[in-house]
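*Asks:* Test case, fold it:
(one chain, ligands or ions: 1)
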Amino acid sequence: MAAFLLRHRKVSTLGVSGILKDKLEPCRPHVALRLGALAGACNLSREYSTSYDNRANKFDFLDLTPLSISFSSHFEAMLYLLIDMAMLLAIIVCCCPHAWYPVARRKNRKIFLHVGPTNSGKTYQALKQLESSPSGVYCGPLRLLAWEVAKRLNKAKVPCDLITGQEREEVDGAKHKAVTVEMADVTSSYSCAVVDEIQMLGCTTRGFSFTRALLGISADELHLCGDPAAVPLIQEILKPTGDDVHVQYYERLSPLVPSQKSLGSFKNIQTGDCVVTFSRREIYKLKAPVLHCTLGQIERGGKHLCSVVYGSLPPETRTRQATMFNDASSEFDVLVASDAIGMGLNLNISRIIFSTMKKFDGVEMRDLTISEVKQIAGRAGRYGSDFPVGEVTCLHADDLPLLHSSLKSPSPILECAGLFPTFDLIFMYSRLHPKKGLYRIMLSLGTKILANSRKGHPSVTFNALSKEHFLENAKLSENYFIADCEEMLKVAVVVDVLPISLHDKYLFIISPVDMRDEISSQGLTQFAQNYAQKGIVRLKEIFTPGTLQVPKTESALKELESIHKVLDLYVWLSFRLEDSFPDRELAASQKAICGLLIEEFLERFGWQKQPRRRKLPSRVNSGFLLSKETRQCVK
Ligand SMILES: Nc1ncnc2c1ncn2[C@@H]1O[C@H](COP(=O)(O)OP(=O)(O)OP(=O)(O)O)[C@@H](O)[C@H]1O
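*Replies:* Predicted structure coming up:
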């Protein structure tokens with residue numbers, strides 16, 4: 001059957017039917033994508049054909065280059081429908097995610113699992129292989145890590161492109177790429193690929209991108225770096241692929257010593273300390289003299305200046321803050337950070353101090369997990385840093401037992417990996433249920449439910465649609481779980497009412513919008529509405545004129561960060577939806593200015609000692625959706 005389907009796919013690219021062309025024109029890109037999935041289905045029977053068109057075979061939902069495919073007859077259109085159904089059935093019944101990636105399945109990959117504690121040189125070894133290979137890709141969980149690797153390879157005279165959701169820096173003659181894992185290309189072939197922090201395949205929100213990279217990257221050698229807790233699951237998932245899997249265990253390169261004494265008071269802070277807190281508010285209550293004002297307390301003694309690293313800081317700002325802290329000659333000798341420091345970053349930290357061992361996870365306050373504790377603590381005493389021995393402690397003595405027991409225990413074994421329906425599945429499902437919008441398709445695809453998330457939106461429960469939950473009905477292997485896509489469902493609600501193609505809607509749902517952030521979600525809505533009306537969106541249509549200056553309060557800062565997110569989104573969407581978005585460069589430069597204004601805030605706010613000033617670009621021309629408070633900062 002596979003050979004039959006493939007043969008017909010080739011035939012179908014040859015003719016053009018005038019009658020069907022108009023009707024099916026909007027479906028073209030989707031057909032192109034579906035064809036790739038078809039190859040995946042064919043792959044279920046492990047039959048491959050070398051005769052079919054190479055380009056048509058390149059498939060993935062992130063590869064959006066349209067193919068020129070048309071239908072030569074009604075017969076062909078019917079055939080495609082049948083293929084859709086057969087495909088869907090094959091995928092439902094077999095539910096073999098490894099079969100979704102035909103290019104990778106054609107290789108007998110050598111997989112090297114580099115596993116061990118933090119700071120054990122796993123990534124270092126994998127990168128050495130990448131550097132010496134004729135072509136390759138590094139996939140990291142953070143833009144900063146991709147950026148570091150691109151810089152490192154280019155410095156070593158190995159030309160390397162940098163591709164993340166927000167930027168695409170191409171280097172002449174590059175055969176290497178450093179990308180964020182969401183951008184990993186599963187249609188090209190490489191000699192060597194590295195996926196960093198592979199244990200993140202268990203993450204409820206981003207795990208599916210790691211699973212996709214694990215199963216889908218086509219490389220002779222695939223190096224996976226991460227926690228040993230992921231080994232059994234990866235071995236299990238890779239069994240049906242026939243890949244050779246080798247596991248290499250590592251030991252920590254420098255000692256990490258858990259302290260028997262808590263810090264007790266911020267008076268005891270020393271140079272090289274990193275205080276970890278989990279609330280941004282706690283980081284920024286700089287001036288108010290209350291007990292939990294971390295920075296205020298640290299700087300009040302007049303001995304230290306703090307750099308700050310947390311998740312919603314623009315990545316460039318985070319990098320600069322980290323660089324200031326790493327630079328022994330700078331005045332910034334203490335770091336105050338959220339768990340954003342936990343992944344892969346090499347910082348010059350001597351001691352990690354947990355100000356608390358609890359964090360709010362979006363639902364409730366809970367104790368840190370063993371993996372979180374290890375990951376964060378592991379940043380102290382990095383090999384090659386100024387501090388050959390790392391130390392870790394807590395602010396409060398009550399927290400020490402949890403710290404000690406977490407560091408002693410192995411991380412719990414990962415049991416399943418994230419999975420999310422690719423665009424081709426959604427497209428095929430929509431062909432079979434043409435009246436359903438993306439929101440309902442996603443619900444039907446068995447993804448997590450968003451009930452009552454928007455005012456006026458009907459509350460839909462998971463069970464109400466259970467008959468149609470095909471992935472739920474699909475005997476999903478126990479090695480996988482469907483990703484938490486609450487955010488995506490919120491976006492689906494916004495875009496479903498707009499007259500845009502399913503594919504564009506899909507792009508909106510996978511965009512990096514933060515729907516919990518009001519400004520960011522308004523930015524997406526305005527962008528989507530304008531795009532639906534005119535196809536091209538100018539920046540000024542989502543930004544009202546105004547001039548923004550350095551924020552003076554925490555809430556004004558938060559708005560500036562949100563504006564940064566909208567600019568990020570503009571660049572991301574304009575890269576993907578259309579090549580002719582006129583203001584992409586402007587958006588990128590305003591993003592950079594936002595970052596600088598935020599840094600200026602960080603420097604000015606609550607310093608005992610004024611650090612040296614940097615010259616700022618005068619003003620940002622974007623008074624978008626600002627509150628009264630922020631408007632006061634706008635001249
Ligand atoms: N053989 C080596 N020679 C020189 N430096 C090394 C060597 N191995 C590791 N390092 C350095 O040690 C530090 C930690 O290494 P690496 O980042 O590879 O560890 P890791 O195990 O991947 O850590 P994590 O899991 O925390 O990301 C890095 O600064 C790296 O450059």
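
*Asks:* Could you chop the chain up by domain?
*Replies:* 1-95, 103-249, 256-395, 511-631 (automatic domain parsing).

*Asks:* Please report the distance of the closest residue to the ligand within the stretch 301-450 of the chain from residue 260.
*Replies:* For the stretch 301-450 of the chain, the residue closest to the ligand is residue 383, as judged by Cβ to the nearest ligand atom, at 3.5 Å. Just so you know, the C-beta spots here come from the backbone N, C-alpha and C atoms, and that holds for glycine as well. Here residue 383 is placed at a distance of 24 Å from residue 260 (Cβ to Cβ, to the nearest Å).

*Asks:* the more surrounded of these two?
*Replies:* Comparing residue 383 with residue 260 by other Cβ atoms under 10 Å, the one with more neighbours is residue 383, at 14 against 9.

*Asks:* which SS class is that one?
*Replies:* coil (DSSP: H, G, I helix; E, B strand; the rest coil).

*Asks:* need the contact list for it.
*Replies:* Taking Cβ atoms under 8 Å, 6 or more residues apart in numbering, we find residue 383 in contact with 119, 121, 253, 254.

*Asks:* I figured residue 575 hits residue 168, correct?
*Replies:* Yes - in this structure residue 575 lies within contact range of residue 168 using Cβ atoms under 8 Å: 7.0 Å.

*Asks:* And the two? Which one has more around it.
*Replies:* residue 575 (16 against 13).

*Asks:* Give me the secondary structure label for the more buried one.
*Replies:* helix.

*Asks:* Could you export whichever helix or strand residue 559 is part of as PDB, CA atoms only?
*Replies:* Element membership of residue 559 [criterion: DSSP states H and E] is helix 554-577. Taking C-alpha atoms only, helix 554-577 is exported to PDB below (Å, rounded to 0.1, in the frame of the first residue of the first chain):
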ATOM      1  CA  GLU A 554       7.800  47.600  38.800                       C
ATOM      2  CA  SER A 555       4.500  47.700  37.100                       C
ATOM      3  CA  ALA A 556       5.800  50.100  34.400                       C
ATOM      4  CA  LEU A 557       8.700  47.700  34.000                       C
ATOM      5  CA  LYS A 558       6.300  44.800  33.600                       C
ATOM      6  CA  GLU A 559       4.600  46.600  30.800                       C
ATOM      7  CA  LEU A 560       7.800  47.300  29.000                       C
ATOM      8  CA  GLU A 561       8.600  43.600  29.200                       C
ATOM      9  CA  SER A 562       5.200  42.900  27.800                       C
ATOM     10  CA  ILE A 563       5.800  45.300  24.900                       C
ATOM     11  CA  HIS A 564       9.100  43.500  24.300                       C
ATOM     12  CA  LYS A 565       7.000  40.200  24.000                       C
ATOM     13  CA  VAL A 566       4.700  41.800  21.500                       C
ATOM     14  CA  LEU A 567       7.600  43.000  19.400                       C
ATOM     15  CA  ASP A 568       9.100  39.500  19.600                       C
ATOM     16  CA  LEU A 569       5.800  38.100  18.400                       C
ATOM     17  CA  TYR A 570       5.600  40.600  15.500                       C
ATOM     18  CA  VAL A 571       9.100  39.500  14.300                       C
ATOM     19  CA  TRP A 572       8.200  35.800  14.800                       C
ATOM     20  CA  LEU A 573       4.900  36.000  12.900                       C
ATOM     21  CA  SER A 574       6.200  38.200  10.200                       C
ATOM     22  CA  PHE A 575       9.000  35.700   9.500                       C
ATOM     23  CA  ARG A 576       6.500  33.000   9.000                       C
ATOM     24  CA  LEU A 577       3.300  34.400   7.600                       C
END
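
*Asks:* Could you list every helix and strand in contact with that helix?
*Replies:* For helix 554-577, the packing partners by 3 or more Cβ pairs under 8 Å, 6 or more residues apart in numbering; DSSP states H and E come out as helix 280-284, helix 502-510, helix 518-534, helix 539-542, helix 584-604, helix 628-631.
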